[in-house]
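Student: quick one, structure for this:
(chains A, B, C and D)
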Protein chains: 2
Amino acid sequence: MHVRRPATLASLAAELGVSRTTVSNAYNRPDQLSPELRRRVLETARRLGYPGPDPVARSLRTRKAGAVGLLLTENLSYAFRDPAALGFLEGLALACEGAGQGLHLVPVNPEREDVAAVHRAGVDGFVVYSVPDDDPHLAAVLSRPVPTVVADQPTVEGVDRVGIDDRGAIMRLAQELISLGHRRVGVICMRLARDRNDGFATVQRQQDAHFHVQRTRLAGLSDAFAKVGVDWARIPVVERFDHNTANGASAAAQLLDSDRDVTALICTSDILALGAMNEAKRRGLRVPQDLTITGFDGIAEAERVGLTTVRQPFLEKGKAAGKLLLASPDPTRPREITLDTELILGQTSGAPRTIEERWFGP
Amino acid sequence: MHVRRPATLASLAAELGVSRTTVSNAYNRPDQLSPELRRRVLETARRLGYPGPDPVARSLRTRKAGAVGLLLTENLSYAFRDPAALGFLEGLALACEGAGQGLHLVPVNPEREDVAAVHRAGVDGFVVYSVPDDDPHLAAVLSRPVPTVVADQPTVEGVDRVGIDDRGAIMRLAQELISLGHRRVGVICMRLARDRNDGFATVQRQQDAHFHVQRTRLAGLSDAFAKVGVDWARIPVVERFDHNTANGASAAAQLLDSDRDVTALICTSDILALGAMNEAKRRGLRVPQDLTITGFDGIAEAERVGLTTVRQPFLEKGKAAGKLLLASPDPTRPREITLDTELILGQTSGAPRTIEERWFGP
DNA sequence: AATTGGTTCTGAACCGTTACGGTCAGCTCC
DNA sequence: GGAGCTGACCGTAACGGTTCAGAACCAATT
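Tutor: The predicted structure is shown next:
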C-alpha cells in the first residue's frame, strides 16, 4: 500500500516549477492557463497523489463552506423516526441538493448541553427545526454570524421563518368537532418543555410551553372551545414526553380512566392519535361511534386508516426553509413563509352519542 | 439591527492588548489563563460581537472537521423514503452523535456527474452506502486522503467495509422454498446498473450488475437453484429501476403474464415484495396457497403483513459503519464487519400447489 | 515605432486560527 | 541564596488555499 503523501498545492507547484496560482487555476479556472500546462499539472497531481485543493482551506479563503447546518432538538436519530421531521428533512435535502449544497446534521446530545458542536460546524447557514425557545443550541446558532431560518418556531428578530398557521388549522378542526356536538373532550399532546412530564398538564404549563407548535395548537383549541362557552381549565390535557404510538395509547388510557364521558380525543399529532386508536380498540370502543379521535400532520399511515386530521405540507416546509436560506444574500428583510394546511375529515370523527345512547345503547 | 462586525480573534486580541494565543486559550484551554483575564476576554468578545473562533479556520489548523461525509447513490431524498437506507442512516447518525461528530450529507446530482461536491465537503472521513461499482463519486471519495468505510458494497482495497452475507442469506431462503417444492419461480430485483432497464434482465446483465447487493443476491439464488438442477437461465428475472411498491406490482404483473405457472415470486427487497403482494391480491391469487412471495430486508411493514423474508440489521449496519470510521486512527489494517441475518418464515410462503390442484382445485 | 489588446503566468497579500516552544516573574525548598 | 518549579502569557510559524493587480510576451493595429 502506498502511504498518502501530504502533497499540497504548493508542493505540486514547486515540483512543476510554476506558481501556486497556476496550479489553483488548473483546478478552478481552466481558461486561465494553456490546455497543455493544465494537462501537465493534473498529470503531475495524479503522479504525486495530490487529491486536489483542500476543501477546508478553500472554505477559509472563499468564506463558503458549501453546506447548510441543520439543528434538531432531539437526537439526530429522532428525525429519522418521526414522519413529520422526516418529511421536513427530505424537503430540505431536496433544496440543498438542488443548490449543490451539503446538509450538515449537527450532533446534539440532549443530555449534555454541548453547544460546542454548533460552534464547530463549518456551514454557511443554519436551519433550526422545532427546538424549544430556551434551547441553548438555538442561542448558539443565533450567535453565529450566518443566515438562519427557523421552522415551526416562533419568529426570532431578524431571522427568516417558515411554518404553518398551527392555531388557525387546529381551530378549524376544533370547530368541526364542536359543530358535531362535542363539548366534553380530552387532549393529548407532545412534550411541552424540556423537562419530562408524562401526565396531565396544567393550564399554566400549557401557556408556558417552550415548544411553540404545541403551545400554539393548545391555545387554538382553548380559543375555539372558549367561543362556545367551554371552560378550558376543565378540559384534561395529557402530555407525553416521547413521541410514539405507545405513548399515544397510554395517554388515551390515562384520559379515559380519568373521565369516561369524554366524547372525543384531540391529539396534537397523528402518531399520538394512532396510539389512541389502538387503546380505543383495546377497550372495545368503536371509533367514531363511541369515541371521536383526531390527529394532526397528515402522515401516510393516518391517511391509510382514515384519520380525521390536519394535513400539513412537511416536504414543502423543508424545501421552503432550504430555499429561503440559500436564496438570501439580502439580510435586511427577514421573511416569513406560512404554508397552507388542509382539514381532512376522515372516518374517525362523528357526532357524539347522547347520554342516553351512551347508557342505553343507540 | 446591528450589522455583524467582522471581529476576529486577532482584532479581539488587539483590543484587549493581549496575544492571539491568549484569546484562543480563553475559548479552548481555560486552564491556561487566569479566570479574571478569561472573563475579560469573553466580555469583550460579547461587546464586539465576536462569535468565537471561526470553525473553518480552526478546522484548517487542527486538521479536524468534526464531521463525517455520507455518500449515497441516489438523490439525497431517496434515502429518506427507503426503509433500509433510512435505518442505515439512523444507525450512522447515532454513531456520529455518540462521537460528537456531524453528519454531512453529500449532495449528489445523479443527472450531472458532479463530483465536485465530494471534493468540496469538509469532512474527516466518508461513509459510502450502496453505490454502484463504477460510480464516479465513489472514485472521487477514494481519491480523498481521508478514511472511508463502504457499506453494502464490494470490498475496496484498503477500505473498511460493513455488510451482510447477502449470498448466504438468500441461499437459505431459496433452500427453504426449494424444500417446499418450488422449482418454477420468478425473481424481481432492483436496478442492476446505472442505466434504466425496466424489464427482464439477461443472465449476462445479472452477472455484470454494478450494484453489489443485487448482483450477489441473484448469484446466491442462481447457485441455490443450480444445486437442485434448475437451469437458472430459464428463471425469469425482472428488473425495476425505481424502488417502490408500484414497481413491485408492475414487475409481478410482467412476470405472471409471461409465465402463469410460476409458483413463487422471490423479490430482492421487501418493498418490491409488498408491491408484488398487491398485484397478487388484485389478480385474486391467494398467498401463499396460489403463490408464494418472499422479500428481503425485514422492514416493519413486512413484519406487519407476515412476509417471508430475510431480516437484516440496518440500524446496526449504520452504527457499525460509523464506529468503524470514527474509531480508526489505524489505517494499516482494513477491517470488514459482516452482520448476521435472520430468515423469517412468515405467512406468505408455502408449498406450491400441484399441477392437478392448479387446474382442478384442491 | 509606438500603441493596443490578449493570453499566460507570477508575487504577494490574505483568510482566521492553533501548535509549539519559548519568556519571565514569583515562589518553594534545602 | 541559588536551583528548580509553576502559572501566566507571548511570538512565530504554519495550516492550504484564492485572489488581484500586474509582468512578460507576442501579434496585430495605427
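
Student: what's opposite residue A:292 in the beta bridge?
Tutor: When bridges are called by DSSP bridges, residue A:292 pairs up with residue A:264.

Student: those residues of chain A touching DNA strand C, which are they?
Tutor: Contacts of chain A with DNA strand C, taken as Cβ under 7 Å from any atom of the strand, map to A:17-22, A:25, A:31-34, A:37, A:57, A:60-61, A:63. Quick note: C-beta positions are derived from backbone N, CA and C, even for glycine.

Student: would you mind confirming that residue A:86 makes contact with residue A:72?
Tutor: No - between residue A:86 and residue A:72 no contact is recorded; they are 11.1 Å apart, counting by Cβ atoms under 8 Å.

Student: overlap in contacts of these two?
Tutor: Each of residue A:79 lies in contact with both residue A:86 and residue A:72 under the rule Cβ atoms under 8 Å, 6 or more residues apart in numbering or on different chains.

Student: okay, these two: which has more neighbours?
Tutor: Taking neighbours as other Cβ atoms under 10 Å in any protein chain shown, residue A:86 and residue A:72 compare with residue A:72 leading, 24 against 20.

Student: so where do the strands sit in the stretch 201-350 of chain A?
Tutor: Counting by DSSP state E, counting those that start in this stretch, the stretch 201-350 of chain A has strands at residues A:237-239, A:264-267, A:292-294, A:309-311, A:336-339, A:342-344.

Student: next up, the contacts around residue A:336.
Tutor: Contact criterion Cβ under 8 Å, 6+ apart gives A:155, A:160, A:161, A:162 as the residues in contact with residue A:336.

Student: name the nearest of those relative to residue A:53.
Tutor: Sorting the contacts of residue A:336 by distance to residue A:53 puts residue A:160 at the head of the list, at 31.8 Å, by Cβ to Cβ.

Student: who does that closest one bridge with?
Tutor: Checking residue A:160 by DSSP bridges, which sets the bridge assignment, gives partners residue A:149.

Student: run a quick neighbour tally on it.
Tutor: Here the neighbour count serves as a burial measure; for residue A:160 (other Cβ under 10 Å) it reads 24.

Student: any idea how far it is from residue A:90?
Tutor: Distance of residue A:160 to residue A:90, given as Cβ to Cβ, to the nearest Å: 20 Å.

Student: tell me the helices in the stretch 201-350 of chain A, going along the chain?
Tutor: If you assign secondary structure with DSSP state H, counting those that start in this stretch, the helices in the stretch 201-350 of chain A sit at A:203-208, A:212-227, A:245-258, A:270-282, A:300-305, A:314-326.

Student: is it possible to get JSON lines of the ones you listed that adds mean neighbour count, distance to residue B:112 and mean pLDDT?
Tutor: Rendered in JSON lines, the data for these read as follows (neighbours: other Cβ atoms under 10 Å in any protein chain shown; distance: least, Cβ to Cβ, whole Å; pLDDT from 0 to 100):
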{"stretch": "helix A:203-208", "mean neighbour count": "14", "distance to residue B:112": "50", "mean pLDDT": "97"}
{"stretch": "helix A:212-227", "mean neighbour count": "21", "distance to residue B:112": "38", "mean pLDDT": "97"}
{"stretch": "helix A:245-258", "mean neighbour count": "20", "distance to residue B:112": "42", "mean pLDDT": "97"}
{"stretch": "helix A:270-282", "mean neighbour count": "23", "distance to residue B:112": "37", "mean pLDDT": "98"}
{"stretch": "helix A:300-305", "mean neighbour count": "15", "distance to residue B:112": "31", "mean pLDDT": "95"}
{"stretch": "helix A:314-326", "mean neighbour count": "23", "distance to residue B:112": "18", "mean pLDDT": "96"}
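
Student: right, so of those helices, which gets closest to residue B:219?
Tutor: The closest approach between residue B:219 and any of those, judged by Cβ to Cβ, belongs to helix A:300-305 at 34.7 Å.

Student: what's that closest one in contact with?
Tutor: Surrounding helix A:300-305, the residues in contact under the criterion Cβ under 8 Å, 6+ apart are A:83, A:270, A:273, A:274, A:277, A:295, A:309, A:344, A:346, A:348.

Student: ok, now stretch A:17-33?
Tutor: Under the criterion Cβ under 8 Å, 6+ apart, external residues in contact with stretch A:17-33 comprise A:9, A:10, A:12, A:13, A:16, A:37, A:38, A:41, A:42, A:45, A:52, A:53.

Student: list the contacts of the third one.
Tutor: It refers to residue A:12. By Cβ under 8 Å, 6+ apart, the residues touching residue A:12 are A:23, A:41, A:44, A:45, A:48, A:50.

Student: for DNA strand D, see how far away the first one is.
Tutor: Shown here: residue A:23 relative to DNA strand D, a distance of 7 Å by Cβ to the nearest atom of the strand, to the nearest Å.

Student: now do the SS call for that residue.
Tutor: Recorded secondary structure, residue A:23: helix (DSSP: H, G, I helix; E, B strand; the rest coil).

Student: what's around it, how many residues?
Tutor: Per other Cβ under 10 Å, the neighbour tally for residue A:23 reads 28.

Student: then residue A:295?
Tutor: Residue A:295 has 33 neighbours, counted by other Cβ under 10 Å.

Student: how close does it sit to residue A:306?
Tutor: Shown here: residue A:295 relative to residue A:306, a distance of 11 Å by Cβ to Cβ.

Student: separate out the buried members of the contacts of stretch A:17-33.
Tutor: Buried positions within those, assessed by neighbour count (16 or more other Cβ atoms under 10 Å in any protein chain shown), are A:9, A:12, A:13, A:16, A:38, A:41, A:42, A:45, A:52, A:53.

Student: out of the residues you listed, who's near DNA strand D?
Tutor: Among the buried ones among the contacts of stretch A:17-33, the residues lying close to DNA strand D (Cβ under 7 Å from any atom of the strand) are A:9, A:52, A:53.

Student: and the pLDDT at whatever residue of the stretch 51-200 of chain A ends up closest to DNA strand C?
Tutor: Using Cβ to the nearest atom of the strand, the point where the stretch 51-200 of chain A gets nearest to DNA strand C is residue A:61, with a distance of 3.7 Å. At residue A:61, the model reports a pLDDT of 95.
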